Structures are given as C-alpha cells and as structure tokens.
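K.L.:
below: sequence and its predicted model.
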Amino acid sequence: MKLIIKLFVRLLGKRLVTKISAKLLDGFSELGIDISLLGKYLQTITSVKLVEELNPIIKVQTKRGELLFSCPGSIPLWRAQTLLTKEPETIEWIDNFHDN
C-alpha cells in the first residue's frame, strides 16, 4: 500500500494528493463516517482506495486488441463507452492500417 501512495504522490504531486485526501476526508465527515481514528496512514490508504474506485478503467475491445481508458468523470466514461459507434469512418480507417 505504501508503494501505491508513493506512486500517486509521484504522478500527481504531494500537494494534489493532500488536497484530494482532504476533500475525501470531508466527504466521509459529511456522510457521518469518522475515519480520523484510523491514523494518517490508514486515512491515506482509504482515500487512495476510494479514488481508485471513483476513477474506473474501461476496457474496449477492438479488431486490433483491447484499449484501456481511464475515466475520471462522466464525459470520459461516455466517450470510452461510445468510442466505436461515434466515429465509424475513423474506426474503419484505423482498422485498415497494416502492421509494420
């Protein structure tokens, strides 16, 4: 778990991770959940796990294999889910690429 936290800090920056954790802790408080008794480390792990659940990875099968999309909101989620139907000419063009 410490590795996951370090990775988040490296990718997002300590300031952003701290800000996200604070927002999540506020959200727990609004729900009447007190996780302050868990200690800082477990609070951070709880926040990271929640972020992972709130940012799903969508898998889309194509003729050329599977594509993975990180969907941090409703618009990216919708785009991933409708990728193959919104631009059929573009998808057909890509499907006709030859392997190098």
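P.N.:
Here it is on my side, so go on.
K.L.:
how many other residues sit next to residue 43?
P.N.:
Around residue 43 there are 17 other residues, counting by other C-beta atoms under 10 Å. (C-beta placed from N, C-alpha, C; glycine too.)
K.L.:
hang on, isn't it packed against residue 36?
P.N.:
Yes. In this structure, residue 43 is within contact of residue 36 by C-beta atoms under 8 Å, at 7.1 Å.
K.L.:
would you mark the buried spots in stretch 80-89?
P.N.:
80, 83 (16 or more other C-beta atoms under 10 Å).
K.L.:
give me the contact list for it.
P.N.:
For stretch 80-89, the external contacting residues (C-beta atoms under 8 Å, 6 or more residues apart in numbering) are 58, 60, 62, 67, 69, 71, 79, 91.
K.L.:
name the element the closest residue to the third one other than its chain neighbours belongs to?
P.N.:
Read that as residue 62. Using C-beta to C-beta, 6 or more residues apart in numbering and skipping the chain neighbours, the partner closest in space to residue 62 is residue 84 (7.0 Å). Here residue 84, judged by DSSP states H and E, is contained in helix 74-86.
K.L.:
export that helix as CSV, just CAs?
P.N.:
In CSV, the C-alpha atoms belonging to helix 74-86 read as follows (Å, rounded to 0.1, in the frame of the first residue of the first chain):
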residue,chain,number,x,y,z
SER,A,74,-18.9,11.1,-16.8
ILE,A,75,-17.7,12.6,-20.1
PRO,A,76,-14.6,10.4,-20.5
LEU,A,77,-16.7,7.4,-19.4
TRP,A,78,-19.3,8.2,-22.1
ARG,A,79,-16.6,8.7,-24.7
ALA,A,80,-15.0,5.3,-23.9
GLN,A,81,-18.3,3.6,-24.0
THR,A,82,-19.4,5.1,-27.3
LEU,A,83,-15.9,5.1,-29.0
LEU,A,84,-16.7,2.5,-31.6
THR,A,85,-20.1,4.0,-32.6
LYS,A,86,-19.5,7.8,-32.8
